[in-house]
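Asker: Here's my sequence, what's the structure:
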Amino acid sequence: MPLHDKGIRIYSDHLIAAMEKDTEIQVHRVGLEKIFRINFHPFRYFFALGLYKKLGKEMNVGDIAHIQHDYSLFCLWNNPFENMYRHFRKQIHIPTVLTAHEIVHRTIRDEKNIVLKLKYMLKRLYYILFQKYMRYIEVGMFEECDAVIVHTRKSFQTLVERGVNASRIHVIPHGIANVEKSTLTKEQAKEKFKVSGKYVLTTFGLIHERKGQDIVIDVLKELDEDCVYLVAGTIEKRKVFKKYFAFLQDRVKELGLDDRVIFTDFINDNDVKDLMMATDIIIYPAREITASGSISDAIAYGKAIIASDLEFVREINERIKCIATYSHDDTNSMVNMIKSMRQNEDQRIGLEDKANKYAALYGYEYSAKKTIEVYKIVQSVRHN
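Answerer: Now for the predicted structure:
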């Protein structure tokens, strides 16, 4: 099982720890730290190629290879000249399970802006020219595995609609970690993050347009002045992430919210528990995302969560309704939910209780049990 970026590495850490409680399972961890520091450049192509091939060969040490996959971990998914996944995969010769942490979608929009219109015209041309490659990353890479694990029914449906055999796909909800809670009082935690005496909304995780941090910034003035917004997380080095972060900073200045929007930058693991203690409500205004480790983290800490009604959030609520949801394009509803929860402590406490119940039922022990079941299915099919 290979290690990948921080979020997936944490997921792997928890899953492996839970799996190793089963005496029949022994996990051999594979990972090359250098891979995850590559800022891809044509002149480094052969260097990157060598590293990924080496990683693939090291996957053959056990009975089953389990890939924790995200497209970005193999350089850029939408560039056939940079994506190293196929070279990596060709080195693996034992039964293979792939966990798809994200399902990519082709984006073509109708734009009035000439520059954007040209951009999407070029995208259409690209998709035509590289049909075989697109078919591989949307279907082929899953079909060549013995089993695929996804975290939501939505992801399952997407892969089936694209042509992946449904019998290969298994839905296992994202695990909830057993976390260490903060030893600070709420006020001490707020002092640590310089929000003492404030009512704190927090969005935790990668800063990206898909996560919708700008949505909260735009409605903050509709909330009481002592309500502040912690944008807790960091950005990737790619241009699109930097551009969005700059947009957020400019928007804060434009609206005069410098004293009410706090960008915390990277939060190390030891400080996450204190951040959660300082937070009154976790706000998750995402526009689009397949699944979310940050939502799982918030549930793990027993936080009250308000989120847009994305498919994976609705699936969580079908198990235990522990997240307050609003229609993703209805910011008035989001604002009213925040106001209502602030005025009604019982509402917030009720959500926290349900989050704790969800965490107890769908921890990594549950994920590990279901993952081992997938391994056994793969071995059974292979032996037959």
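Asker: Arg319 contacts Ala359, correct?
Answerer: No - Arg319 is beyond contact range of Ala359, at 11.4 Å (criterion: Cβ atoms under 8 Å). C-beta: built from backbone N, CA, C; applies to glycine.
Asker: Between those two, tell me which one has more neighbours.
Answerer: Neighbours were counted for Arg319 and for Ala359 using other Cβ atoms under 10 Å; Ala359 has more, 21 against 12.
Asker: That one - nearest residue in space that isn't next to it in sequence?
Answerer: Ile176 (4.3 Å; Cβ to Cβ, 6 or more residues apart in numbering).
Asker: Tell me the spacing between that neighbour and Thr279.
Answerer: 17 Å (Cβ to Cβ, to the nearest Å).
Asker: now Ile306, what's its secondary structure?
Answerer: strand (DSSP: H, G, I helix; E, B strand; the rest coil).
Asker: If I look at it, what pLDDT would I see?
Answerer: The model reports Ile306 with a pLDDT of 96.
Asker: what does Arg109 give?
Answerer: pLDDT, Arg109: 61.
Asker: cool, Lys117 as well?
Answerer: So Lys117 comes in at 64 (pLDDT).
Asker: my guess is the residue nearest to Ala359 contacts Ile299, does it?
Answerer: Yes - the pair Ile176 / Ile299 is scored as a contact, 5.4 Å apart, by Cβ under 8 Å.
Asker: and for the two, which residues touch both?
Answerer: Residues touching both Ile176 and Ile299 (Cβ atoms under 8 Å, 6 or more residues apart in numbering): 358-359.
Asker: which residues are contacting stretch 173-185?
Answerer: Residues outside stretch 173-185 that contact it (Cβ under 8 Å, 6+ apart): 10-11, 14-15, 18, 151-152, 189, 192, 273-274, 276-277, 291-293, 295-297, 299-301, 315-316, 319, 358-359, 362-364, 366-368.
Asker: Report the central residue of this protein.
Answerer: Ser292 (3.7 Å; Cα atoms, centre = their mean).
Asker: thought that one was touching Ala286?
Answerer: Yes - with contact defined as Cβ under 8 Å, Ser292 counts as touching Ala286 (7.2 Å).
Asker: low-scoring stretches of the stretch 101-250 of the chain, by residue?
Answerer: Scanning the stretch 101-250 of the chain for pLDDT under 70 picks out 106-113, 115-117, 119-120, 123-124, 126-127, 235-241.
Asker: mind checking the SS state of Ile217?
Answerer: helix.
Asker: For it, give me its contacts.
Answerer: 229, 248, 251-252, 255, 257, 261.
Asker: Next step: these restricted to strands.
Answerer: Counting by DSSP state E, the part of these found in strands is 229, 261.
Asker: will you turn the contacts of Ile217 into JSON lines that also has neighbour count and distance to Val171?
Answerer: Output for these, formatted as JSON lines (neighbours: other Cβ atoms under 10 Å; distance: Cβ to Cβ, whole Å):
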{"residue": "Tyr229", "neighbour count": "24", "distance to Val171": "34"}
{"residue": "Leu248", "neighbour count": "18", "distance to Val171": "34"}
{"residue": "Arg251", "neighbour count": "15", "distance to Val171": "37"}
{"residue": "Val252", "neighbour count": "21", "distance to Val171": "39"}
{"residue": "Leu255", "neighbour count": "14", "distance to Val171": "41"}
{"residue": "Leu257", "neighbour count": "17", "distance to Val171": "40"}
{"residue": "Val261", "neighbour count": "21", "distance to Val171": "37"}
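Asker: Determine the number of other residues adjacent to Ile149.
Answerer: 25.
Asker: so who does it touch?
Answerer: 97-100, 169-172, 371, 374.
Asker: Return stretch 337-346 as PDB; C-alpha atoms alone will do.
Answerer: The C-alpha coordinates for stretch 337-346 follow below in PDB (Å, rounded to 0.1, in the frame of the first residue of the first chain):
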ATOM      1  CA  MET A 337     -28.700  28.300   9.500                       C
ATOM      2  CA  ILE A 338     -25.700  30.000  11.100                       C
ATOM      3  CA  LYS A 339     -27.900  32.500  12.900                       C
ATOM      4  CA  SER A 340     -30.300  29.900  14.100                       C
ATOM      5  CA  MET A 341     -27.600  27.600  15.400                       C
ATOM      6  CA  ARG A 342     -26.000  30.500  17.300                       C
ATOM      7  CA  GLN A 343     -29.300  31.400  18.900                       C
ATOM      8  CA  ASN A 344     -30.200  27.800  19.700                       C
ATOM      9  CA  GLU A 345     -27.500  26.000  21.600                       C
ATOM     10  CA  ASP A 346     -29.600  22.800  21.800                       C
END
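Asker: what does that stretch contact?
Answerer: For stretch 337-346, contacts defined as Cβ under 8 Å, 6+ apart pick out 199, 201, 223-224, 227, 280-281, 283, 304, 306, 324, 326, 347-348, 351.
Asker: now with 10 Å?
Answerer: Residues outside stretch 337-346 that contact it (Cβ atoms under 10 Å, 6 or more residues apart in numbering) are 199, 201, 216, 219-220, 222-224, 227, 280-281, 283, 304, 306-307, 324-326, 347-351.
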